[in-house]
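Undergrad: sequence first, then the predicted structure:
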Amino acid sequence: MTTVEIDNRSDFALWAIERAQEIVRVEGSALALAARDMNEADLQTSGAALGKAIADAMLEVFDGLMTD
């Protein structure tokens with residue numbers, strides 16, 4: 001994982017867009033395949049993985065806002 005320094009809203013917006021694109025690219029494709037195949041177990045697993053990736057990204061941002 002790389003560290004990104006965010007100095008303003010524009011930097012944050014760019015980071016958020018790039019992070020969201022990466023999450024959707026990695027986790028969303030598995031969810032789409034499960035939906036196409038109508039596989040309930042894979043849908044559940046893929047949906048949980050997508051939700052975890054989103055939660056992890058939010059925690060990543062929160063941890064970056066914390067001061068030492």
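TA: Looks like it arrived, so ask away. Residues are numbered from 1 along each chain as shown.

Undergrad: could you count how many residues lie near the residue lying closest to Ala30 once chain neighbours are set aside?
TA: Leaving aside its chain neighbours, Ala30 sits nearest to Ser46 (4.3 Å; criterion: CB to CB, 6 or more residues apart in numbering). Bear in mind the C-beta positions are built from the backbone N, C-alpha and C, glycine included. Ser46 has 20 neighbours, counted by other CB atoms under 10 Å.

Undergrad: roughly how far does Ser46 sit from Ile17?
TA: 22 Å (CB to CB, to the nearest Å).

Undergrad: now swap in Gly28 and tell me
TA: Using CB to CB, one gets 15 Å for the distance from Gly28 to Ile17.

Undergrad: which one's more surrounded, the two?
TA: More crowded of Gly28 and Ile17, by other CB under 10 Å: Gly28, with 16 against 10.

Undergrad: what's the more buried one in contact with, if anything?
TA: Listed by CB atoms under 8 Å, 6 or more residues apart in numbering, the contact set of Gly28 reads Leu50.

Undergrad: how near is Ala35 to Gly28?
TA: 10 Å.
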